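S.K.: quick one, fold the following:
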Amino acid sequence: MELKSLTDFELVNLYIKGNQSSMEALITRHKKKVYTYILLIVKNQHIAEDIFQDTFIKVIKSLRQGKYNDEGRFLSWVMRIAHNLIIDHFRKEKNQKTYSNDANDVDIFNNAQFADKTVEENIISDQIECDVRTLIDTLPEEQREVILLRHFSGLSFKEIAEQTNVSINTALGRMRYALINLRKTIEEKNVSLTLA
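M.R.: Just a heads-up that it's a prediction; the model follows:
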């Protein structure tokens, strides 16, 4: 049986029935999009690799526990798990804000860019990131999904339409409403998303 030719749904069912190779096929199929999405947000290769592994460990556990209901959206489900793990990572990082020189060839503490950023700028920048994530999380599921797939995974609207099983017009409409809702929420809550 050629696993590459099977749909995500068929591969998931095979995995649930005990075929380990089907999970490898799913990971291979979606690795680039999931990993790129994580890396774009965390901006650190080692952390991205850890979160990527944690994502698929969680996927495997959920499948084994029967916690996945396939609606033809396996990749979206995996992306949601990755997104939640990224949020967890930033929460932990925020609670234990530390810097290390271990992973760098250059001494980061002897870097003009690092030194020039004031404490206030760092706090504001962190707050903006946190606010944007919070704002995106307030969107309805379908709109949030399109924003994440478009802006964080870099998918085209054609790819988003295929991943979410909707027409391109529906995907475009969801993006439009997501942006309208974000602007509305920013105005209502008087959220400032600038450093100035």
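
S.K.: give me the next element, helix or strand, following the helix or strand R29 falls within.
M.R.: Applying DSSP states H and E as the criterion places R29 in helix 20-42. With elements assigned by DSSP H and E, the helix or strand that comes after helix 20-42 is helix 45-64.

S.K.: hang on, the earlier thing: helices or strands up against the helix holding R29?
M.R.: Contacts defined by 3 or more C-beta pairs under 8 Å, 6 or more residues apart in numbering; DSSP states H and E place helix 20-42 against helix 8-16, helix 45-64, helix 74-95. From N, CA and C alone the C-beta is placed, and that goes for glycine too.

S.K.: so for that helix, what gets flagged as buried?
M.R.: Of all the residues in helix 20-42, those buried under the rule 16 or more other C-beta atoms under 10 Å are 22-23, 25-27, 29-30, 33-39, 41-42.

S.K.: P140: which of these is nearest?
M.R.: Using C-beta to C-beta, Y37 comes nearest to P140 of these, at 19.9 Å.

S.K.: counting neighbours, what do you get for the closest residue in space to that closest one that isn't next to it in sequence?
M.R.: Closest residue to Y37 apart from its sequence neighbours, by C-beta to C-beta, 6 or more residues apart in numbering: S153 at 4.2 Å. By other C-beta atoms under 10 Å, the residues close to S153 number 22.

S.K.: cool, L11 as well?
M.R.: Quick note: L11 (other C-beta under 10 Å) scores 21 neighbours.

S.K.: quick check: domain ranges of the protein?
M.R.: Under the assignment automatic domain parsing, the domains of the chain span 1-98, 111-196.

S.K.: now those as JSON lines including mean pLDDT?
M.R.: As requested, the domains of the chain are exported to JSON lines (pLDDT from 0 to 100):
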{"stretch": "domain 1-98", "mean pLDDT": "88"}
{"stretch": "domain 111-196", "mean pLDDT": "77"}
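
S.K.: circling back: need the helices and strands packed on helix 20-42 in a markdown table (columns: distance to N169).
M.R.: Output for the helices and strands packed on helix 20-42, formatted as a markdown table (distance: least, C-beta to C-beta, whole Å):
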| stretch | distance to N169 |
| --- | --- |
| helix 8-16 | 24 |
| helix 45-64 | 31 |
| helix 74-95 | 19 |
